[in-house]
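Trainee: quick one, fold the following:
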Amino acid sequence: MRPADTWKDYELLDATDGNRLERWGETLLIRPDPQVVWKTPKQSPLWAKADAIYHRSNQGGGEWEYRRRLPEKWKISCGEGEDKLTLIVSPTGFKHTGVFPEQAVNWAWYQQKIRAANRPVKVLNLFGYTGGATLACAAAGATVCHVDASKGIVAWGKDNAVASSLTDKPIRWLVDDCAKFVAREKRRGNTYDGIIMDPPSYGRGPGGEIWKLEDCIYDLISQCEEVLSDTPLFFAVNSYTTGLSPAVMEYMLKTTLVPRFGGKTSCDEIGLPVSATGGVVPCGATAIWEE
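Mentor: So this is what the prediction gives:
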């Protein structure tokens, strides 16, 4: 387990009985988390002081119950010095806030790899969401191509670039179907030194294309191998699907990339430390190939 334990503006205060109590800057939110199956007593006194609670609906989705009026959006910061990112938080109708804080442990790893390369690095970020990984790589000196199927989410990423004072960095923000984009890049002969993919368990492309992770992930990894440069740095695959273990993702990277490039693979869960108990809540997994 690799915990994202360097945050100051985010804190997982407590977790029990299917819910997380989180601090986002000065704001306290309670959100459901299917991984939190234990029913230990609540340790934090702040449960009663939550500013908003997300309630799931039996019909799917859900809604927020606001206990005090909150701004529509606010900002939190991650990292320090030249690695510092400022990200916009906004509670959405799907319980998410625009930031997956556990990914900070990966953002720091990408930055370390890019800086240590001491050469120009091009990164492709697929299913890039609101751009945390994109901005981390750009801050470390990489040229980044950010692809996501959602126009609104890509706009949110651009706003995060403004908030982080990174608009001068070489980032292409593209609204596109990730698999179709990779196929076009192959035809164009474009290549990348690093690839990050953060695919959803289930989703739809801009044209209504259905995406199911278990059915599509191997083909997409194989496609992406064809747009890696001759001297790639890394390839990272994130998964939030409990049915797709870290070892399965690592196996796909090992069999796809090691025969051509050598290098090594690894995999691990990533998670968030719980202040009240010292435990770590798992929040998905990352498989990595590196040179």
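Trainee: CA atoms for contacts and neighbours, from now on please.
Mentor: Will do.
Trainee: what segments of the protein are helices?
Mentor: Taking DSSP state H to define them, one finds helices in the chain at 104-117, 132-139, 151-163, 178-188, 213-225, 246-261.
Trainee: which stretch among these comes nearest residue 48?
Mentor: Of all these, helix 104-117 sits nearest to residue 48, with 28.0 Å by CA to CA.
Trainee: buried set for the closest one?
Mentor: 104, 105, 106, 107, 108, 110, 111, 113, 114, 115 (16 or more other CA atoms under 10 Å).
Trainee: same check on stretch 181-189?
Mentor: Quick answer for stretch 181-189 (16+ other CA under 10 Å): 181, 182, 185, 186.
Trainee: ok, stretch 16-26 next?
Mentor: Under the neighbour-count criterion of 16+ other CA under 10 Å, stretch 16-26 has 16, 17, 19, 20, 21, 22, 23, 24 buried.
Trainee: nearest to residue 141 among those residues?
Mentor: The nearest member of these to residue 141, counting by CA to CA, is residue 24 at 27.9 Å.
Trainee: ok, the closest one - contacts?
Mentor: Contacts for residue 24 (CA atoms under 8 Å, 6 or more residues apart in numbering) come out as 9, 10, 11, 76, 89.
Trainee: gap between the last one and residue 14?
Mentor: Just to be clear, that refers to residue 89. 20 Å (CA to CA, to the nearest Å).
Trainee: between those two, who's got more neighbours?
Mentor: Between residue 89 and residue 14, counting by other CA atoms under 10 Å, residue 14 is the more crowded of the two (25 against 20).
Trainee: and the furthest pair within the buried residues of stretch 16-26?
Mentor: 17 and 24 (20.6 Å).
Trainee: before we move on, back to that, out of the contacts of residue 24, which are buried?
Mentor: By neighbour count, with 16+ other CA under 10 Å, those hold 10, 11, 76, 89 as buried.
Trainee: could you work out the most separated pair of these?
Mentor: Going by CA to CA, the pair spanning those furthest: 11 and 89, at 13.7 Å.
Trainee: what's stretch 156-163 in contact with?
Mentor: Under CA under 8 Å, 6+ apart, the answer for stretch 156-163 is 86, 87, 88, 129, 130, 131, 132, 135, 167, 173.
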